[in-house]
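>>> sequence plus the predicted model coming up.
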Number of protein chains: 2
Amino acid sequence: MDGEAIKRSLEERGLRCTPQRYAVMAFLMEQNSHPTAAETFEAVNRVDPRSSRATTYNNLRDLVKAGLVREVAVEGRAARYDAQGVRHHHFICDRCGEVEDVDWYEVRKPASRALGKRYVRECEVIFRGLCARCARRRSSR
Amino acid sequence: MDGEAIKRSLEERGLRCTPQRYAVMAFLMEQNSHPTAAETFEAVNRVDPRSSRATTYNNLRDLVKAGLVREVAVEGRAARYDAQGVRHHHFICDRCGEVEDVDWYEVRKPASRALGKRYVRECEVIFRGLCARCARRRSSR
DNA sequence: TCTCAGATTAGATATATTCCAAATAGTTCA
DNA sequence: TGAACTATTTGGAATATATCTAATCTGAGA
């Protein structure tokens, strides 16, 4: 997605395309490491120091509300964000805590008895175990 | 699980059964609402005001490390805990944020290509959508 | 009972996030 | 163009969450 496309997708959802907001969106789109708010703030200001901490938080909140960014469900103190178009599952390493992406695939839903009157929009999987690096270290000892 | 059983399971993992630790464990076991550390602290002290905030945090950390309690993966700032013996998936309501349990069932793993050299111990599903209450409110308007 | 590693404590500190009220910058429209 | 309106940004204060510290205490084995 190029600059114009980002601008359009912001405006489609009633958000002005400000330099600060654009920078947050563009940064998140090029990352696949699920940055925290603090990392986003730092990265955005390294390029062009025009954004305040509060603005970064405001923009993250607004982008999530607009559906352009999602907050990743992981344990841990700081929220992590993800603006990649393609949906994916997550793998969390028991040992080093790294969060990695796993290609999306549809997951079988449980018996409807278990879901009751809930409406399920999506099923995300969190895989847990050892990441490639930790698995290697573990087995070589 | 009764009191003796809790005591035994703590000691099996090398943790002393102190009143404070016992209280945290017993409280978490009887909840299915994934309490936060603050809620745990408050509940435990409502019954018997002998536990400090730091101790509650220490005990939660120790119990997680010992494998008796697990930290639930959800968005949001405060960590949530769960000491139920039976493993389960989670449902998070898009609208009200409520986290509910869904009976455990095994999930198909993706093609091994997608997992690479990772070792997968478990696959937890996070369902998202509308909880029964929110689904009802939504459709009746 | 004595001993001491493990556990607890209050309070300080660190980290993450939100709030606030004032200033600024897009947008609309006359 | 520029007045008026509103969304956005800002720094700093406030709040929420979590961890650290150093002193003290306690429970379980000898």
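Received the coordinates, thanks. Residues are numbered from 1 along each chain as shown, chains lettered A, B, ... in the order given.

>>> now do the contacts for the spatially most central residue of chain A.
For chain A, the residue sitting closest to the mean C-alpha position, by C-alpha atoms, centre = their mean, is A:D82 at 1.9 Å. Neighbouring residues of A:D82 by C-beta atoms under 8 Å, 6 or more residues apart in numbering or on different chains: A:28, A:34, A:69-72. To be clear about C-beta, it is placed using only N, CA and C from the backbone, and glycine gets the same treatment.

>>> so is the host helix or strand of A:E71 next to chain B?
Per DSSP states H and E: A:E71 is located in strand A:70-72. Yes. Strand A:70-72 comes into contact with chain B (C-beta under 8 Å from any C-beta of the partner chain), by way of A:71-72.

>>> do that strand and DNA strand D meet?
No. Strand A:70-72 lies apart from DNA strand D when judged by C-beta under 7 Å from any atom of the strand; the minimum separation is 14.9 Å.

>>> is DNA strand C contacted by that strand?
No. Residues of strand A:70-72 are not located near DNA strand C by C-beta under 7 Å from any atom of the strand, the shortest gap being 8.7 Å.

>>> then stretch A:35-53?
Yes. Residues of stretch A:35-53 are located near DNA strand C by C-beta under 7 Å from any atom of the strand, namely A:36-38, A:53.

>>> please save the CA atoms from that stretch in PDB.
Taking only C-alpha atoms (Å, rounded to 0.1, in the frame of the first residue of the first chain), the coordinates of stretch A:35-53 have been written out as PDB:
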ATOM      1  CA  PRO A  35       5.400  -3.100  18.100                       C
ATOM      2  CA  THR A  36       4.300  -1.600  21.400                       C
ATOM      3  CA  ALA A  37       3.100   1.900  21.700                       C
ATOM      4  CA  ALA A  38       6.500   3.000  23.100                       C
ATOM      5  CA  GLU A  39       8.300   1.400  20.100                       C
ATOM      6  CA  THR A  40       6.000   3.000  17.700                       C
ATOM      7  CA  PHE A  41       6.400   6.400  19.300                       C
ATOM      8  CA  GLU A  42      10.200   6.000  19.200                       C
ATOM      9  CA  ALA A  43      10.400   4.800  15.600                       C
ATOM     10  CA  VAL A  44       8.100   7.500  14.300                       C
ATOM     11  CA  ASN A  45      10.000  10.200  16.000                       C
ATOM     12  CA  ARG A  46      13.400   8.900  14.900                       C
ATOM     13  CA  VAL A  47      12.400   9.700  11.400                       C
ATOM     14  CA  ASP A  48      10.600  13.000  12.000                       C
ATOM     15  CA  PRO A  49      10.400  14.200  15.600                       C
ATOM     16  CA  ARG A  50       7.000  15.800  15.400                       C
ATOM     17  CA  SER A  51       4.800  13.500  17.400                       C
ATOM     18  CA  SER A  52       4.200  13.500  21.100                       C
ATOM     19  CA  ARG A  53       3.600  10.500  23.200                       C
END
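
>>> now the strand holding A:E71: mean pLDDT?
Averaging pLDDT along strand A:70-72 gives 91.

>>> what of stretch A:35-51?
For stretch A:35-51, mean pLDDT is 91.

>>> residues making contact with the helix or strand harbouring A:R61?
Using DSSP H and E, A:R61 maps to helix A:53-65. For helix A:53-65, the external contacting residues (C-beta under 8 Å, 6+ apart) are A:15, A:20-21, A:24-25, A:28, A:37, A:40-41, A:44, A:69-71, A:79, A:81, A:83.
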